[in-house]
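Q: Pasting a predicted model and its sequence here:
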Amino acid sequence: MTLRTSEDLERVACLPSEGMAGSTELVAARRRGPARRVVALWGRRRALRLLVARDLKVRYASSSLGYLWSVLEPLLMAGIYWFVFTQVFARSVGAEPYIVFLLAGLLPWTWFNTAVGDTAKALRSDAKLVRSTNVPREIWVLRVVVSKGIEFVLSLPVLFLFALVQAASVNWRILLLVPAVLLQATLLLGLGLMLAPMIVLVRDLERVVRIALRLGFYASPVIFAVSDVPGPWAGLFALNPLSGIFELCRAGFFPEQLNWAHVGVSVVFSLAVLAGGWAVFARLERTVLKEI
């Protein structure tokens, strides 16, 4: 099925849920605890698939470059940082081949950056559908995380291509990309559920998020590794949940960069953010619906 208009999407979203008796049970489930909300969300997985498909079609079908947009920005940024740190200045951070090291950090960072920005305004940008369709409202946040995650996965061939060209060694830890993706998706969903309702109520928070993301780039091991951070600052950078995630992404090429303690911090922090985000979302949902 092709989603051509918002009306088409609304009609699909109002279909009976999968795995539940009907809309009455869906509404009742949303009013109960977290487990029931997850059940309600699972019951609308078809609507989620259609929303993700819509996002990807808009992303690719409406531009002449299509797929290239998924990799162009991180590729250009990697090229700039590679030139600055290898041709202009004497590089003392990262690992060789540095372009592979950069891409293994920039690609997941691009997913994180775009997903946080879009999930933060997910409820406001689709206010009419959020208010009128019979789906769990969490789905509007989840579809951004999933669609941006698919774009990240589609960008991975560029990383592997550069690894091949640069003759980078690859080991079995490349499989750790799978838990890295799941872990980052968990973190992003928690942040999105927390930010989306708050930004509806406090519009200025959107600007705060943009500033925080700019600062977050330099507080995350994108162009450097945690092991490159001197002295006591290393412990502070290790508390960044993206540190463990990026190390998982790089482990297939740079196994010496993997620190399981950092990964443990990422797991605990991501699960805590997801639980906190879902609690905030559930608490503010009714207030948000009145505002939009």
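A: Structure received.
Q: In space, what's closest to Ile223 - neighbours in sequence excluded?
A: Closest residue to Ile223 apart from its sequence neighbours, by CB to CB, 6 or more residues apart in numbering: Tyr81 at 5.3 Å. Heads up, the C-betas are built off the backbone N, CA and C, glycines and all.
Q: The one you found: neighbour count?
A: 20 (other CB atoms under 10 Å).
Q: per-residue confidence at it?
A: On pLDDT, Tyr81 comes in at 82.
Q: Repeat that for Gly264.
A: Checking the pLDDT column for Gly264, the value is 96.
Q: when you give positions from now on, start the count at 36
A: All right, first residue 36 from here; so that's Gly299.
Q: tell me, how many neighbours does it end up with?
A: 11.
Q: And it, how close does it get to Gln292?
A: Taking CB to CB, to the nearest Å as the measure, Gly299 falls 16 Å from Gln292.
Q: Tell me the helix or strand right after the host helix or strand of the residue nearest to Ile258.
A: Following DSSP states H and E, the helix or strand that holds Tyr116 is helix 104-118. Remark: after helix 104-118, the chain's next helix or strand is helix 133-155, criterion DSSP H and E.
Q: May I ask you to name the longest helix in the chain?
A: The single longest helix within the chain, with elements called by DSSP state H, is helix 295-326.
Q: which residues touch Leu177?
A: Residues in contact with Leu177 (CB atoms under 8 Å, 6 or more residues apart in numbering) are Leu76, Leu83, Leu224, Gly227.
Q: host element of it?
A: Using DSSP H and E, Leu177 falls in helix 174-200.
Q: pLDDT of that helix, averaged?
A: Helix 174-200 comes out at a mean pLDDT of 91.
Q: following that helix, which helix or strand comes up?
A: helix 212-236.
Q: Show me what the helix or strand just after that following helix packs onto, helices and strands only.
A: Counting by DSSP H and E, the next helix or strand C-terminal to helix 212-236 is helix 240-253. Contacts defined by 3 or more CB pairs under 8 Å, 6 or more residues apart in numbering; DSSP states H and E place helix 240-253 against helix 133-155, helix 212-236.
Q: Now do the helix or strand just after helix 240-253: distance to the chain's middle.
A: Remark: after helix 240-253, the chain's next helix or strand is helix 268-273, criterion DSSP H and E. Helix 268-273 has its C-alpha centroid displaced from the chain centroid by 23 Å (CA atoms, centre = their mean, to the nearest Å).
Q: Now helix 268-273: buried residues?
A: For helix 268-273, the neighbour count (16 or more other CB atoms under 10 Å) marks Phe272, Ala273 as buried.
Q: one step back: dump the helices and strands packed on helix 240-253 to JSON lines, plus distance to Leu164.
A: As requested, those are arranged in JSON lines below (distance: least, CB to CB, whole Å):
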{"stretch": "helix 133-155", "distance to Leu164": "15"}
{"stretch": "helix 212-236", "distance to Leu164": "14"}
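Q: out of the ones you listed, nearest to Leu189?
A: Set against Leu189 and scored by CB to CB, these come closest in helix 133-155, at 10.2 Å.
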